[in-house]
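>>> predicted coordinates and the sequence they were generated for:
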Amino acid sequence: MAVRQARLLLFFSILIFQYSSIVAADTGSAVRAFTPLRFSVEPCDVLAVRGLPAVLNCSVAGAEAVLARVEWRKDGTFLNLAADERRRLLPGGSLLISTVVHSKHNRPDEGVYQCTATLDSLGSISSRTARLTVAGQ
């Protein structure tokens, strides 16, 4: 009797598994497979010159790297690149500062930067940090 119940349980388990696989395939399951994402280039410390451009490099690699959204943080806070005409994201993911601003009391570009790549509904990765320092006056 116990052997018969075990066989029935196994049969129904297999049946349910196969049915759920078919349903997931038919409905285009919302579960996405793990996709490795990594940085092929991470930012490194930069010594910039006031009034000249500076670039912090960052590049994402992986099967879905083209779908990754790249953002930058400065001193732990995400940059709003749409509101800042001096800073812009280059096509590969690097950050361009067109004109480095630096004065005795105003140092908006100096700080610690970090690149973050996000795949929607899968997660994010963050690069190592890099310090941008402006050469002395």
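It's in. If you're wondering where the values come from, they're calculated on a predicted model, not measured in any experiment.

>>> so what's the residue lying closest to E85 once chain neighbours are set aside up against?
Distances taken as CB to CB, 6 or more residues apart in numbering place S98 nearest to E85, at 7.9 Å, with adjacent residues excluded. Every C-beta, even on glycine, is put in place using the N, C-alpha and C of the backbone. The contact partners of S98, taken as CB atoms under 8 Å, 6 or more residues apart in numbering, are P53, E85, R86, R87, R88.

>>> how close does S98 get to G51?
Per CB to CB, to the nearest Å, S98 is found 10 Å from G51.

>>> what touches both of these two?
Overlap of the contact sets of S98 and G51 (by CB under 8 Å, 6+ apart) is empty.

>>> tell me the bridge partners for Y113.
Here Y113 sits in beta bridges with K74, A130, as judged by DSSP bridges.
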